[in-house]
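J.: Need coordinates for the following:
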Amino acid sequence: MLLFTIVILVSLIIDQIIKFFVENNMYGKSIDIVENIFSLTYVQNRGAAWGIFSGNDWILKIFAPILIIVVIIFVYRICKTKLEFIFGGLIVGGAIGNLLDRIIRGYVVDFLDFKIFSYDFPVFNIADTFIVVGIILLIIDSFIKRSE
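T.: Purely as a prediction, here's the structure:
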């Protein structure tokens, strides 16, 4: 349980420090890291992925805390290994990071911009990465346990 809390705090701190740096140094900018593949592009996301719910962020401000509580309950009831607590902590830490942005800033700071996809892939952030990686790793972990 302590590990779960530590992972939440560390992922939240990393997320907020990077967003603070991006917001204060990249406003309105895009910096190519690998030309035509990856850039750091400052975006104020007032919705969710692909801008859904844009202009209706109240839905996200209500739904996110409920989802965070559900994940915390899931972790405490279902997770048993250190890895599961780490994966769950990444999900919760990322979700809290984006919720804090919505509450404090009124939008989520996004900046990771991959251009290698043939469709319009959204700019995202570290918190989104924590959430997705945590979910994928929990799914992989559950498949591994089923096969044992």
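J.: quick one, strands of this structure?
T.: With DSSP state E as the criterion, the chain has strands at 30-34, 38-45, 108-114.
J.: In TSV, list these along with distance to G89 and mean pLDDT.
T.: For glycine as for every other residue, the C-beta is placed from the backbone atoms N, C-alpha and C. Shown next, in TSV, are these (distance: least, Cβ to Cβ, whole Å; pLDDT from 0 to 100):
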stretch	distance to G89	mean pLDDT
strand 30-34	28	91
strand 38-45	23	93
strand 108-114	20	94
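J.: Quick check: K80 vs S142, distance?
T.: In this view, K80 and S142 are 12 Å apart by Cβ to Cβ, to the nearest Å.
J.: For the chain, which element, helix or strand, carries the lowest mean pLDDT?
T.: helix 57-78 (a mean of 89; mean pLDDT, DSSP states H and E).
J.: got the contact list for that one?
T.: 1, 4, 46-48, 53, 84-85, 88-89, 91-92, 95-96, 98-99, 102-103, 106-107 (Cβ atoms under 8 Å, 6 or more residues apart in numbering).
J.: Buried among the residues you listed? Make that a PyMOL selection.
T.: Restricted to buried positions by 16 or more other Cβ atoms under 10 Å, the PyMOL selection for the contacts of helix 57-78 reads:
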select buried, resi 4+46+47+48+84+85+88+89+91+92+95+96+98+99+102
